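[1] Take this sequence and fold it.
(one chain, ligands or ions: 1)
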Amino acid sequence: MDHSPWQRCLSVLQEELPAQQFSMWIRPLQCVIDENVMTLYAPNRFVLDWVRDKYVNRINELLTLNEPSNPLLLRFDVGSKPIVDNSAGSNSSNSNPSSVNGGSNEALFSKSSATSKVTEPESNIPKKTNVRLNYTFDNFVEGKSNQLARAAASQVADNPGTAYNPLFIYGGTGLGKTHLLHAVGNGILLNKPNAKIAYMHSERFVQDMVRALQNNAMEKFKQYYRSVDALLIDDIQFFAGKERTQEEFFHTFNALLEGNQQVILTSDRYPKEINGVDDRLKSRFGWGLTLAIEPPELETRVAILKRKAQESQINLADEVAFFIAKRLRSNVRELEGALNRVMANANFTGRAITIDFVREALRDLLALQDKLVTIDNIQKTVAEYYKIKIADLLSKRRNRSVARPRQIAMALSKELTNHSLPEIGDAFGGRDHTTVLHACRKVKSLREETHDIKEDYSNLIRTLSS
Ligand SMILES: Nc1ncnc2c1ncn2[C@@H]1O[C@H](COP(=O)(O)OP(=O)(O)OP(=O)(O)O)[C@@H](O)[C@H]1O
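    Predicted structure coming up:
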């Protein structure tokens, strides 16, 4: 086996590609060379498709440059190392509840079912799935902010256990993570109506485990969780600091992956940033595919509003949808709440839904938004976030530790307030509007290329909009 042609490719690609792209798509590839065939193994199909789509030409060029007379033939395959963990329980198939639960109010491992002899799980697991039927891919509005997560989730629904395992979706509150989890559940059930899908909020997992421990029902607990075709755990950040739960989940997780059973997890932050969760668990979270959902951009917010109105058989004029979407930017839950309020008011008063009507119906909410997001507020929040002084943001200093936060603050001002470019320039120490424009463009490209900036920007939007 000779890896050197691939090593040479890697060093060129590392030079050529933004760091984020290189580490997301290229670094995970494993190379095996056999005679004149170079096989690149991708950890999952998503990465494979992406690499084949975007980078194959460049890789072929580099291989030809490397050996012009007899370049290696390039092949791709999906390959993942077997997950071996002897301490993990077996992938039990004997419990086999005919359907699954997890979200009903009834405890799965309650005292009544835990006698000294462990009862069959089937006896106290309600016979219905807890996947919410109204959260589907069809009614999930797609936009730039959620496109990748939606695409990956839909592939998982079509190929559970084999596409990306685990699938880890993270993002701020109210952005559609729970919706996508259920959509996957519904998608799997569409193809395979008897599949056992367990949706579970992580706090519920903790409660069930504590109950099982108290009642000596751990065997049953394990059997139950390891018997599902897909385990969907929401808001995994609540595992923080709960070591015993993490230990148990670690074994469940390993057993599921070994059995090609699908695991999907969501969290409000990037897995590595979840404090209080064991490193080995965090690293496993990254074994499949990790994707972010970002706050929706204006057009998506408008599309969501129109879609929700349509579902309620209300015709929402474009200008009204834009008016609401421009003012309420933080998350979809807030948008939905506002729209519901507008529709209820219209229903009650019998008035038409115009911009004036919305202004009145949402007066308190809009006033709160206007008050919250001012340029002053943005400057204060950004300065605090980067631990610099507000005066630095307004100063002429150009070193990066100040210039970058300043550019981010300008871009945020453009996105979150209705001020014009010259007004924003004025507020940042009397700068020209072209400087503000440059800052907005720079931050946009940095957000696409640099993971840290993307995270910082999302965190700041979240802080400013909450
Ligand atoms: N892209 C979308 N299209 C349609 N509806 C959406 C979309 N994104 C979110 N929603 C709706 O917004 C509401 C909030 O979404 P959801 O509960 O999935 O958020 P979440 O990210 O899980 O939040 P949390 O972290 O607070 O649990 C839901 O009613 C969901 O249907």
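[2] Could you tell me what pLDDT the model assigned to whatever residue of the stretch 301-450 of the chain ends up closest to the ligand?
    Per Cβ to the nearest ligand atom, residue 332 is where the stretch 301-450 of the chain lies closest to the ligand, at 3.5 Å. Any C-beta I mention is one placed from the backbone N, CA and C, and that applies to glycine too. Note on residue 332: pLDDT of 93.
[3] surely it meets residue 305?
    No - applying Cβ atoms under 8 Å as the test, residue 332 and residue 305 come out as separate, 9.5 Å apart.
[4] Need the nearest residue in space to residue 406, chain neighbours excluded.
    Computed as Cβ to Cβ, 6 or more residues apart in numbering, the closest residue to residue 406 that is not its neighbour in sequence is residue 393, at 5.0 Å.
[5] For the helix or strand harbouring the one you found, list every residue counted as buried.
    Remark: residue 393 resides in helix 390-394, with elements defined by DSSP states H and E. Neighbour counts over helix 390-394 (16 or more other Cβ atoms under 10 Å) mark 392, 393, 394 as buried.
[6] mind putting these in a markdown table, pLDDT and distance to residue 45 included?
    What follows is those, written out as a markdown table (pLDDT from 0 to 100; distance: Cβ to Cβ, whole Å):
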| residue | pLDDT | distance to residue 45 |
| --- | --- | --- |
| 392 | 92 | 47 |
| 393 | 94 | 45 |
| 394 | 93 | 50 |
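[7] May I see the residues you listed organised as TSV, with distance to residue 185 added?
    Listed next are the buried residues of helix 390-394 as TSV, based on distance: Cβ to Cβ, whole Å:
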residue	distance to residue 185
392	49
393	46
394	51
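[8] for the residue of the chain found nearest the ligand, phi and psi?
    Proximity of the chain to the ligand (Cβ to the nearest ligand atom) peaks at residue 176, 2.7 Å away. Main-chain dihedrals, residue 176, degrees, to the nearest 10: phi 110, psi 20.
[9] low-confidence ranges in the stretch 101-250 of the chain?
    Counting by pLDDT under 70, the stretch 101-250 of the chain contains low-confidence ranges at 101-129.
[10] Excluding covalently adjacent residues, which one is nearest to residue 284?
    In space, and not counting its chain neighbours, residue 284 is closest to residue 253: 6.2 Å by Cβ to Cβ, 6+ apart.
[11] neighbours of residue 424, just the number please.
    25 (other Cβ atoms under 10 Å).
[12] Who are the contact partners of it?
    Residue 424 makes contacts with 375, 410, 413, 414, 417, 433, 436, as judged by Cβ atoms under 8 Å, 6 or more residues apart in numbering.
[13] In terms of helix, strand or coil, where does it fall?
    At residue 424 the chain is in helix, as set by DSSP: H, G, I helix; E, B strand; the rest coil.
[14] Residue 396 too?
    The assignment at residue 396 comes out as coil when based on three-state DSSP.
[15] Which strand or helix spans residue 249?
    Following DSSP H and E, one finds residue 249 within helix 243-258.
[16] buried ones in that helix?
    Residues 245-246, 248-258 are the ones in helix 243-258 that count as buried (16+ other Cβ under 10 Å).
[17] same question, stretch 373-383
    373, 374, 375, 377, 378, 379, 381, 382, 383.
[18] OK, contacts around the nearest residue to residue 229 once chain neighbours are set aside?
    Nearest residue to residue 229 in three dimensions, chain neighbours excluded: residue 195, at 4.4 Å (Cβ to Cβ, 6+ apart). When contacts are counted by Cβ under 8 Å, 6+ apart, residue 195 touches 160, 188, 189, 229, 230.
[19] isn't the residue nearest to residue 284 right next to residue 263, touching?
    Yes - between residue 253 and residue 263 there is a contact at 6.1 Å, judged by Cβ under 8 Å.
[20] shared neighbours, those two?
    Contacts common to residue 253 and residue 263, judged by Cβ under 8 Å, 6+ apart, are residue 166.
[21] what does the protein put close to the ligand?
    Applying Cβ under 6 Å from any ligand atom, we find that the chain lies next to the ligand at 135, 140-141, 146, 173-179, 235, 268, 304, 332-333, 336.
[22] From those, list the buried ones, please.
    Buried members of the residues of the chain next to the ligand, scored by 16+ other Cβ under 10 Å, are 135, 140-141, 146, 174-179, 235, 268, 304, 332.
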